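J.: Predicted coordinates and the sequence they were generated for:
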Amino acid sequence: MATVSAFVFGAGGVHAQETEAVDETKREAVIVVVGSRISGASIDGALPVTVVSEEEIAAIAAVSGEDLFRSIPQFGDVSFNQTSGQVSSNFARGDVASVDLRNLGVGSTLVLINGRRGVNYPSSQASSNLAPVLTFNSNTVPVNGIKRVEVLRDGAGAIYGSDAVAGVVNMVLQDDFEGNRVDVQYGAAPDTDLNEWSVNGLFGRNFAEGRGNVTLFANYTDRSALPATDMEFSSTGDLRPLFAGTAFDGNASLLNDSTTMPWGTFQTVGNVRVRQGGTSLTSAAGAFHVQPGTNAGCLASLGGGICIDDASPATASTGADANLRWDARSSYPISLNPSLQRLNLFTMGKYELENGMELFGEGGYYRAETESIQDSIFTIGSIRMTIPASNYWNPFGPVTFADGSANPNRLPGIDAPAGGLPVTLTGLRFSDLGPTNVRVKAEQYRALAGLRGDFADWNWETALLYSEAKVDDRQLGINATAFQENLALSTPDAFNPFNGGDPLHPGTDNTFSSQAAVDAITFDANRVNKTTLFQWDANVSRPDIVTLWAGDVGVAAGVEYRRETQLDDRDPNVDGTFTWLDTVTGLLQESNLFGVSPTPDNSGSRNVASSYIEFAVPLVSPEMNIPLVHALDLQLAGRYEDYSDFGTVAKPKAALAWDVFDGLRFRGSYSEGFRAPNLEQVNATLVTRGNNRVDYVRCEADLRAGRITSFNNCSATFVATARRSGNPDLEPEESTNWTVGTVIQPQFLPDFLGSMTFTADYWSIEQTGIVGVFGEGNALIVDYLNRVQGTVNPAVTRLAPTADDIARFAGTGLDPAGIVQYVDDVYQNLQPQTVEGIDFGFQWSLEGTRAGDFDFSLNASRLLTYSRGVSDAIDDLYAARDSGVINALTVLPETADLIEQNGNPKWRLSSSLTWDLNQFRVGASATYVGGVDDTSIRDANLNFLRVDDHTLVNLYAQYSFEDEGIFANSRIRVGARNLFDNEPPLADETFGYMGSLYSATPRYLYLSVQKEF
């Protein structure tokens, strides 16, 4: 990438390849929309800006925003992507790719289209702090329509407002085009099912004798799905063979197929033990499971080669029932990437009025539909289904059914009541229903109208913008009410949860319930999300409001008003509209979508009014002839914002550019920024999630009573239900940003060496008050601390102590504590975070040689620090532990060094090279991502799994026809993405690699034909 600053040296070019002959208007356009809003000012050289040109985008061979931003080293994980989370509607799914500069977290990067905000993708997902976050979807902008991408790698809250903590991305789109251009491309990945074709069009017309222009660009892409079985690393859930001969050879953690299987697990209601003769068919607590008759431990045959065994199956890697584990990839064509149909339309227009003012406008439409084959529906631990005793297939069912017919499936000689026993379904993969087909349709609209002009040496501009995004997410679901009604049937049309899988191939399934049963219980679950953005802005600028000793002082000022809305409309079977009453136990469940936790609808809106002012102040000019101070320029800026939902924020910025001499510049900046809590973090209603947590006050009781000798022996782990919700009292996440750097452009080089630019910038970002949840585990530790001091944590709600609870706490000096019912866990401003690094850039351009023209760029980012601290409340717990108030072995969150931990490699690099000779062009690019540790797995020496570094190379060659008959003004291009078919490095993940860090696309060959007319 071209890592340069606009106006690198006074009136220098914005791109390393640009020279003094570059049109001044182009320079001013870059300045206005990137680091400064003062038209004609030269202060932008104080700020680090990466510019990615059309030629570099072609060398990258990017066909989507995700491809493009993965190739820029300053960007981090793509946590919203087409691979991760496809199985769960709680993820943002579909044709989506997040933008995360510096890997500070989704939502810390402001994305602009032609200098104005883009609307967020409507679907949220949880951050690493378990708070919902939103992102701009980079795939909504057609790559073929991008003129250049500008990345301001510096905090810009003082100029652009909220979300610019890490910096600003501005996508400048094609405009002012005259003519017609059509490009057709077809590509495929050999030896896989992946193929793709696209049609791109660029059309433009001048009118009114050149005073007006309308430019339209369009893209349509049709891509097939990439099945997981096409790639070795994702072809199976058992990753152990891929690690043979390494320190992780045979590591059980690499067995990633599922223990939720077609071989169901059950428990009798009331924990009743069932015997057949003198043989117990269940455990003492009534637990049993279904398995093949060939597995050890069969206690009673169910026919068809399957049987009952007591307790839970032994599915550990060395267990007797490990062969039952389910790997969907052996049964279904699971999608690594979904199939995609994407349409992108964008138009830009302008018209110069007779009075010299100019009307301008934009219109955009995006539509994408994806379809993904995913695993079958499965049970979850926090929601249980009771199978009535009357179920036709229940082996513990009644002797005779209500109609007087004999029950053919009741096991003979059992001691269950004649009326049968109801059974709780504790675990089942619903492979009878087949794979889950996830279908996501996303649409986005953008409309802008504005007016600009000059008045008394001032440039002014005003515009109205409206943008809207909508996502319709559908997948197969089970209606819990209908499911239980069907399970109550005493006919073969009842769903059969006891039919297991294929007894000859236990990891698959060939025994299914009737189609009537499947049709009776399934439906399409639907989640519809929507976001809108309305904005009005007006600004003025002037490069010479006053003249000082060193030159003219520039100024820009403006006001903005915007309104943002978000709607998360969950399926009525999830949001509490339709509930489910367990007719056997009498328990009411708020979710009628079986296997899905209840999640209410969420909506919110806010109004934001803001104003800003910016000054460009020359302190020393070249004409002053001061030794070692060729030029010295200062930028000062400030912004004030008033939010309707949480208050006001004001932030400053200062930047300085010092030219020691022509060709050597030092630059630095200081800014303060903020990220406003998003609408879901403020307005979300109650969401419940269950997780296993240690109840430490029970450990303390056991220790005091002598039942255990150490907290290491404590077994007081229970499912704690967190009730997460929005918090209208959230404050913005605050940040402080420093950058210090240099730009070197040797002036003494002879012409045959071309022009070169070197840049290096140190940057530091400190954040406080990052939004997250305190965590139900931490809340239980606070409750432990409070209880040893005679109080309680009001965020923790417990059931009344039972007789067993009272006995457990007797004689310990602690008041009896009942089982945790739920923990209130609103979103809070919590952890501090510090991230530091260095960016390097090199650009070389050589033109006019007999061997052709050459352009080369190298962009690198080195991460120095990534430290995430703990909140003040956790510090209080540390103090209590250090003073002995709570046990020394109480496990507390720690300050974390996140460098090379999962998604934070030390090094990221990218480079591109373009060679032009007459009608030939060759373009190449390479990206490098350093290695990281996968902290989810350790070897025998407790070392994390090292995920190797990764390099991708892209290459293309093209020939442009000129005046050659029907081929005139045409070009043909052949190319390869991932030329050397370099697979993503292995990791302990569902698909065998880190989808947020790497792309799974194999070697991809393409042919492109373009025609202008």
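T.: Yes, it's here.
J.: Which element, helix or strand, includes residue 807?
T.: Assigned by DSSP states H and E, residue 807 falls within helix 803-809.
J.: isn't residue 384 right up against residue 422?
T.: No: contact criterion CB atoms under 8 Å: residue 384 and residue 422 do not qualify, at 11.5 Å. (C-beta placed from N, C-alpha, C; glycine too.)
J.: Next one, pLDDT for the closest residue in space to residue 191 that isn't next to it in sequence please.
T.: Leaving aside its sequence neighbours, residue 191 sits nearest to residue 230 (CB to CB, 6 or more residues apart in numbering; 7.5 Å). We have a pLDDT of 95 for residue 230.
J.: pLDDT below threshold where in this structure?
T.: 1-34, 40-45, 85, 964 (pLDDT under 70).
J.: hang on, the earlier thing: wait, the residue nearest to residue 191 touches residue 195, no?
T.: No: counting by CB under 8 Å, residue 195 is not a contact partner of residue 230; they are 11.7 Å apart.
J.: Spell out which residues are contacts of both of the two.
T.: Contact criterion CB atoms under 8 Å, 6 or more residues apart in numbering; residues shared by residue 230 and residue 195: residue 189.
J.: higher neighbour count, the two?
T.: Neighbour count, other CB atoms under 10 Å: between residue 230 and residue 195, residue 230 has more, with 18 against 14.
J.: Quick check: phi and psi at the more buried one.
T.: Main-chain dihedrals, residue 230, degrees, to the nearest 10: phi -80, psi -20.
J.: Could you do residue 778 as well?
T.: The phi and psi values for residue 778, taken as degrees, to the nearest 10, are phi -70, psi -40.
J.: ok, it - contacts?
T.: By CB under 8 Å, 6+ apart, residue 778 lies in contact with 873-874, 877, 892-893.
J.: now the strands for the stretch 751-900 of the chain?
T.: 755-768, 771-773, 796-798, 820-829, 833-849, 852-868, 896-897 (DSSP state E, counting those that start in this stretch).
J.: now the fourth one, how far from the centre of its chain.
T.: If you compare the mean C-alpha spot of strand 820-829 with that of the full chain, they lie 24 Å apart, counting by CA atoms, centre = their mean, to the nearest Å.
J.: Partner strands of that strand, with direction?
T.: Strand pairing for strand 820-829, determined by DSSP bridges: strand 717-725 (parallel), strand 771-773 (antiparallel), strand 796-798 (antiparallel).
J.: What residues sit buried inside the lengthiest strand in the chain?
T.: When the chain is parsed with DSSP state E, its longest strand is strand 522-548. Across strand 522-548, burial judged by 16 or more other CB atoms under 10 Å covers 522, 525-535, 537, 539-543, 545.
J.: Show me the helices in the stretch 501-650 of the chain, by range?
T.: 515-521 (DSSP state H, counting those that start in this stretch).
J.: Residue 384 and residue 422 - which one has more neighbours?
T.: With neighbours defined as other CB under 10 Å, residue 384 and residue 422 compare such that residue 422 has more, 24 against 17.
J.: Look up how far residue 386 lies from the more buried one.
T.: 5 Å (CB to CB, to the nearest Å).
J.: Please apply the same query to residue 363.
T.: Where residue 386 is concerned, residue 363 sits at a distance of 55 Å (CB to CB).
J.: Looking at the two, which one has more neighbours?
T.: residue 386 (19 against 15).
J.: State the number of residues packed around the spatially closest residue to residue 738 that is not a sequence neighbour.
T.: In space, and not counting its chain neighbours, residue 738 is closest to residue 764: 4.5 Å by CB to CB, 6+ apart. Using other CB under 10 Å, residue 764 is surrounded by 15 other residues.
J.: Ok, the one 5 residues further on next?
T.: By the measure other CB under 10 Å, the count of residues near residue 769 is 21.
J.: repeat for residue 942
T.: 6.
J.: likewise residue 624?
T.: Using other CB under 10 Å, residue 624 has 15 other residues around it.
J.: Leaving out the residues flanking it, which one is nearest to it?
T.: residue 550 (6.5 Å).
J.: Residue 548 contacts residue 618, correct?
T.: Yes: the pair residue 548 / residue 618 is scored as a contact, 6.6 Å apart, by CB under 8 Å.
J.: related to what we said a few turns ago, quick one: the residue nearest to residue 191 from residue 329, how far?
T.: Distance, residue 230 to residue 329, using CB to CB: 11 Å.
J.: So which elements touch the helix or strand encompassing residue 486?
T.: Residue 486 belongs to helix 480-487 when assigned by DSSP H and E. Counting contacts by 3 or more CB pairs under 8 Å, 6 or more residues apart in numbering; DSSP states H and E, helix 480-487 packs against strand 385-387, helix 515-521, strand 580-581.
J.: Just send the ones you listed back as JSON lines, with distance to residue 206 too.
T.: Shown next, in JSON lines, are the helices and strands packed on helix 480-487 (distance: least, CB to CB, whole Å):
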{"stretch": "strand 385-387", "distance to residue 206": "67"}
{"stretch": "helix 515-521", "distance to residue 206": "60"}
{"stretch": "strand 580-581", "distance to residue 206": "64"}
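J.: Residue 68 touches residue 149, doesn't it?
T.: Yes: Residue 68 lies in contact with residue 149 (CB under 8 Å); the separation is 6.9 Å.
J.: Which neighbours do the two have in common?
T.: 52, 57.
J.: returning to what we had before: of all the contacts of residue 778, which comes closest to residue 759?
T.: residue 893 (38.1 Å; CB to CB).
J.: Let me see the backbone angles for the closest one.
T.: The phi/psi pair for residue 893 (degrees, to the nearest 10) is phi -60, psi 150.
J.: residues contacting it?
T.: 775, 778, 870, 874.
J.: same thing but 7 Å
T.: Residues near residue 893 by CB atoms under 7 Å, 6 or more residues apart in numbering: 778, 870, 874.
J.: One more: residue 295?
T.: So residue 295 contacts 320-321 (CB under 7 Å, 6+ apart).
J.: Then residue 990?
T.: Contacts of residue 990 (CB under 7 Å, 6+ apart): residue 256.
J.: now swap in the one 10 residues further on and tell me
T.: The contact partners of residue 1000, taken as CB under 7 Å, 6+ apart, are 83, 226, 231, 234, 336-337, 984, 993.
J.: again with residue 431
T.: With contact set as CB under 7 Å, 6+ apart, residue 431 has these partners: 262, 376, 501, 509.
J.: How about residue 262?
T.: Contacts of residue 262 by CB under 7 Å, 6+ apart are 326, 429, 431, 500-501, 509.
J.: Residue 604 too?
T.: 566, 679-680, 682-683.
J.: of these, closest to residue 622?
T.: residue 679 (49.7 Å).
J.: give me phi/psi at that closest one?
T.: Per degrees, to the nearest 10, the backbone of residue 679 is at phi -60, psi -30.
J.: Bridged to the residue lying closest to it once chain neighbours are set aside, which residues?
T.: Nearest non-adjacent residue to residue 679, counting by CB to CB, 6+ apart: residue 604, 3.6 Å away. Counting by DSSP bridges, residue 604 is bridged to residue 566.
J.: swap in residue 944?
T.: Here residue 944 sits in beta bridges with residue 938, as judged by DSSP bridges.
J.: That one contacts residue 936, correct?
T.: No: assessed by CB atoms under 7 Å, residue 944 is found out of contact with residue 936, at 8.4 Å.
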